[in-house]
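1. What shape does this take:
(2 chains)
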Amino acid sequence: MNKDFKLLLILLTGFMLLASCESKEPECYEPVNVNAYIAFKWKKYDSVEQVVSVIGKDTIWQTVLDSTFRDTILRAAEIQVIGEDSTLRIVSNGNYTGVPFNPAKDTIRYRFRVDTAATLFDTLVFYYDPVVHFVSNNCGYTYYFNLRNVKVTGHAIDSSSLVDINVTNDVQKRNVQLYLKR
Amino acid sequence: MKSTVFLIAFICIACCSTTYARQGRDSTKMVMSGKTVLPPKVDTVTAKKKEPKPPYIHQFRIGFDLSRIASNFMFPSRQGYEIQADYLLRNNIYVAAETGFGNGKIDYENLKYTNNGYYFKFGVDKSFLDVISSKDFDIGFIGLRYGIGPGKRTDATYIIKSIFGPPVSGTIPPQNYLVHWGEITGGVKVEVWKNIFLGWNVRMRFLLNPGVFKELAPSYIPGFGKGDKSTAFDINFYASYALRWGGK
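-> Below is the predicted model of the structure:
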């Protein structure tokens, strides 16, 4: 192998060494905050038996409801945690909102009203099992939750259903569907 | 990094093209005016005299991965060392082996553990460069490897923050593991001085048993790379010394 090629090789080697200088390990880019997402729909009251909560997903029932009622956008729905060492208060502007769960317990209660100016409150009670979940080496661990049940008082809320019992860091999921009275 | 890979590919293609162009085509027939014409007969005695084969020189080469030293300084969370050896067979084929050891460490606020391990890799390299003379041992090569590496991860302690109260902490039990992977490699080794080689190679690795880590994959598996990925890419830079004998 001639001298020029060797020189080229050594230069290439130097370039390779520079190229091999990787940037620092990336920081955590995956979401570690886990919320249960609640979607809203107005339900027109009729003679159909009211459902307080539905475990799992009944596709026939869900299809009938979905074809009848459209997603509801609540401009200032308010959700506030009850009985925790936190003053967490969420004001939602959309057709869904996310609420965190306490991993040290297996239930959590929230107070809900359709609007910050409304005087009618409902209580949402979530029953769940916390599960430790490994996200990544940079992000560490977080808690996922398996929803067992949700109960609601029937003031402004007509009924509720469990859409997806797996509460994860996926922000596209909808875990609970609330049907609101008109 | 992409431009580097393209440059390597260009050099490899250029060398292969040169090698192919040098190969002669042995034609025993000529076609003229639609008829097949055999070449004139030659003196069979003269023709039977074959050119003597070049003497076979045995070469055993052992080297050390210098890029690991640089990497150890740049990434304190993963440390490792590797030595490499190869032996020249005929037809520009080398049997190669690498071995090394290393350790990884995660020391974040919310996750802490260490792991260590060692590994062996075996395979072959094929040089695609023409041998200019019996003393030309420079190679541009591609190769395959099979790697295997046992390791151990210590207890992992984690902390999960909560807005409802104090952080929740826990411990994941230690785990012994055995990983194995396949590797495709390519590079160059050049004799820069008498019996002393410098060379680099790039590697693409494929983990053959990614399901071995059911919960916590180590951030660094010695010999392979990131444990939470099933493929890994690496670049090595070797300094080697060759022992030669025979060929007289």
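2. end to end, how far does stretch B:133-144 reach?
-> One end of stretch B:133-144 sits 26 Å from the other (CA to CA, to the nearest Å).
3. again with stretch A:159-179
-> By CA to CA, one end of stretch A:159-179 lies 5 Å from the other end.
4. how about the residue lying closest to A:Asn137 once chain neighbours are set aside, phi and psi?
-> Distance criterion CB to CB, 6 or more residues apart in numbering or on different chains; nearest residue to A:Asn137, sequence neighbours excluded, is B:Ser219 at 4.2 Å. For every residue, glycine as well, the C-beta is placed using N, CA and C. When read as degrees, to the nearest 10, the backbone of B:Ser219 gives phi -70, psi -30.
5. Find the nearest non-adjacent residue to A:Ala118, please.
-> A:Ala156 is the one closest to A:Ala118 (CB to CB, 6+ apart), at 7.0 Å.
6. need the contact list for the residue nearest to A:Asn137.
-> A:137, B:77-78, B:104, B:106, B:115, B:226-228 (CB atoms under 8 Å, 6 or more residues apart in numbering or on different chains).
7. Out of those, the closest to B:Ser67 would be?
-> B:Arg78 (12.8 Å; CB to CB).
8. That closest one bridge partners, please.
-> Taking DSSP bridges as the rule, B:Arg78 bridges to B:Gly104.
9. Burial check on it, number of neighbours?
-> 23 (other CB atoms under 10 Å in any protein chain shown).
10. swap in the one 5 residues further on?
-> Each residue near B:Ile83 was counted by other CB under 10 Å, and the total is 15.
11. and the helix or strand where it lies, how far from the chain's centre?
-> Assigned by DSSP states H and E, B:Ile83 falls within strand B:78-88. Computed by CA atoms, centre = their mean, to the nearest Å, the chain-centroid distance of strand B:78-88 equals 10 Å.
12. Where does pLDDT dip in chain B?
-> The model of chain B has pLDDT under 70 over residues B:1-54, B:247-248.
13. Contacts only, for the residue nearest to A:Ala118.
-> By CB under 8 Å, 6+ apart, the neighbours of A:Ala156 are A:112-114, A:118, A:120-122, A:180-181.
14. got it, and B:Gly102?
-> Per CB under 8 Å, 6+ apart, neighbours of B:Gly102: B:78-81, B:116-118, B:220, B:222-223.
15. Spatially nearest residue to it (excluding sequence neighbours)?
-> B:Gly80 (2.8 Å).
16. so what's the one you found up against?
-> B:68, B:71-72, B:100-103, B:220, B:222-223.
17. If I look at A:Leu74, what pLDDT would I see?
-> The score at A:Leu74 is 77. That number is its pLDDT.
18. correct me, but it touches A:Phe40?
-> Yes: using CB atoms under 8 Å, A:Leu74 is in contact with A:Phe40, at 5.5 Å.
19. Identify the contacts common to the two.
-> What both A:Leu74 and A:Phe40 touch, as defined by CB under 8 Å, 6+ apart, is the set A:95, A:114.
20. ok, how many other residues are close to B:Pro55?
-> B:Pro55: 9 surrounding residues under other CB under 10 Å.
21. that older thread, kindly write the PyMOL command that selects the buried subset of the contacts of A:Ala156.
-> Those of the contacts of A:Ala156 that count as buried under 16 or more other CB atoms under 10 Å in any protein chain shown are selected in PyMOL with:
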select buried, chain A and resi 112+113+114+122+180+181
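22. just to revisit the earlier point, same list, the contacts of B:Gly80, but as a markdown table with secondary structure please.
-> Converted to a markdown table, the contacts of B:Gly80 look like this (DSSP: H, G, I helix; E, B strand; the rest coil):
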| residue | secondary structure |
| --- | --- |
| B:Arg68 | helix |
| B:Ser71 | helix |
| B:Asn72 | helix |
| B:Gly100 | strand |
| B:Phe101 | strand |
| B:Gly102 | strand |
| B:Asn103 | strand |
| B:Tyr220 | coil |
| B:Pro222 | coil |
| B:Gly223 | coil |
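23. Which one (most neighbours) among these?
-> B:Gly223 (28 neighbours).
24. just to revisit the earlier point, nearest to B:Lys135 among the contacts of B:Ser219?
-> Closest to B:Lys135, out of all of those and judged by CB to CB, is B:Arg78, at 39.8 Å.
25. ok, the closest one - contacts?
-> Here B:Arg78 is in contact with B:71-72, B:102-105, B:219-220 (CB under 8 Å, 6+ apart).
26. try it again with 10 Å
-> A:25, B:68, B:71-72, B:102-106, B:115, B:218-222, B:225-226 (CB atoms under 10 Å, 6 or more residues apart in numbering or on different chains).
27. any weak-confidence spans in chain A?
-> A:1-26, A:44-72.
28. Where do the strands of it begin and end?
-> Along chain A, counting by DSSP state E, strands occupy A:35-43, A:74-82, A:89-94, A:96-100, A:107-113, A:122-136, A:140-152, A:157-162, A:166-167, A:176-181.
29. Quick one: closest of these to chain B.
-> strand A:140-152 (3.8 Å; CB to the nearest CB).
30. hmm, the helix or strand hosting B:Arg145 touching chain A?
-> Element membership of B:Arg145, judged by DSSP H and E, is strand B:139-153. Yes: Strand B:139-153 lies within reach of chain A by CB under 10 Å from any CB of the partner chain, at B:139-140.
31. that older thread, pick the one among the contacts of A:Ala156 closest to B:Asn176.
-> A:Phe112 (49.8 Å).
32. ok, the closest one - contacts?
-> A:38, A:40, A:77-80, A:90, A:92, A:97, A:99, A:118, A:120-124, A:152-153, A:155-157, A:178, A:180.
33. Give me the buried subset of those.
-> By 16+ other CB under 10 Å, those give A:38, A:40, A:77-80, A:90, A:92, A:97, A:99, A:122, A:124, A:152, A:156-157, A:178, A:180 as buried.
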